[in-house]
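**Q** Output the structure for:
(one chain, ligands or ions: 1)
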Amino acid sequence: MEIRLHPPRRKSTCRPKICDDGEPTVECMRIIVDLNRCQNYGQCVYAAPGVFRFVGTESIEYDHAPDSDDDVAVRRAAVACPMSAITLGEEVRP
Ligand code: SF4
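**A** Predicted coordinates for the structure are as follows:
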């Protein structure tokens, strides 16, 4: 099975945040799919169709930096994945 990343769309998940030291920063959601675990069940595609999609019959692709509008759907996809292959993280930028 093949999983492909595609370029992030224009709107990002980045949210302004104030660090503990008072400095302004931004926090952005990032997605990683563990290719060794993913079995192409497609639960992520159904949970977050704006982020995960089928490509052909044996591969998916996903937006590793999804829109903030997709936050809830992405979290649902991570919970729905039967292989626990989806990891969500936050990238913090200065
Ligand atoms: S739900 Fe999990 S196992 Fe299924 S295609 Fe998505 S990442 Fe892969």
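**Q** how many neighbours does residue 44 have?
**A** 28 (other CB atoms under 10 Å). Heads up, the C-betas are built off the backbone N, CA and C, glycines and all.
**Q** Is it inside a helix or a strand, and which specific one?
**A** Here residue 44 sits within helix 43-47, counting by DSSP states H and E.
**Q** what comes up buried for the longest strand seen in the chain?
**A** As assigned by DSSP state E, the longest strand anywhere in the chain is strand 24-33. Buried residues in strand 24-33, counted by 16 or more other CB atoms under 10 Å: 28-29, 31, 33.
**Q** Columns pLDDT and distance to residue 82 on top of these, output as CSV?
**A** Shown next, in CSV, are the buried residues of strand 24-33 (pLDDT from 0 to 100; distance: CB to CB, whole Å):
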residue, pLDDT, distance to residue 82
28, 84, 27
29, 88, 22
31, 95, 17
33, 95, 13
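**Q** May I ask you to confirm that residue 31 is in contact with residue 67?
**A** No - taking contacts as CB atoms under 8 Å, residue 31 lies outside contact range of residue 67: 11.8 Å.
**Q** Bridged to the most centrally placed residue in the chain, which residues?
**A** Geometric centre of the chain, nearest residue: residue 31, 3.3 Å, by CA atoms, centre = their mean. Beta bridges link residue 31 to residue 88 when assigned by DSSP bridges.
**Q** what about it, distance to residue 86?
**A** 7 Å (CB to CB, to the nearest Å).
**Q** Ok, residue 76 next?
**A** In this view, residue 76 and residue 86 are 10 Å apart by CB to CB.
**Q** which of these two has more neighbours?
**A** When residue 76 and residue 86 are compared for neighbours, residue 86 comes out ahead with 24 against 16, by other CB under 10 Å.
**Q** tell me which parts of this structure are close to the ligand?
**A** 33, 38-44, 60, 81, 83, 85-86 (CB under 6 Å from any ligand atom).
**Q** In CSV: these, plus distance to residue 19.
**A** As requested, the residues of the chain next to the ligand are arranged in CSV below (distance: CB to CB, whole Å):
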residue, distance to residue 19
33, 29
38, 34
39, 39
40, 39
41, 38
42, 38
43, 35
44, 31
60, 35
81, 31
83, 35
85, 31
86, 27
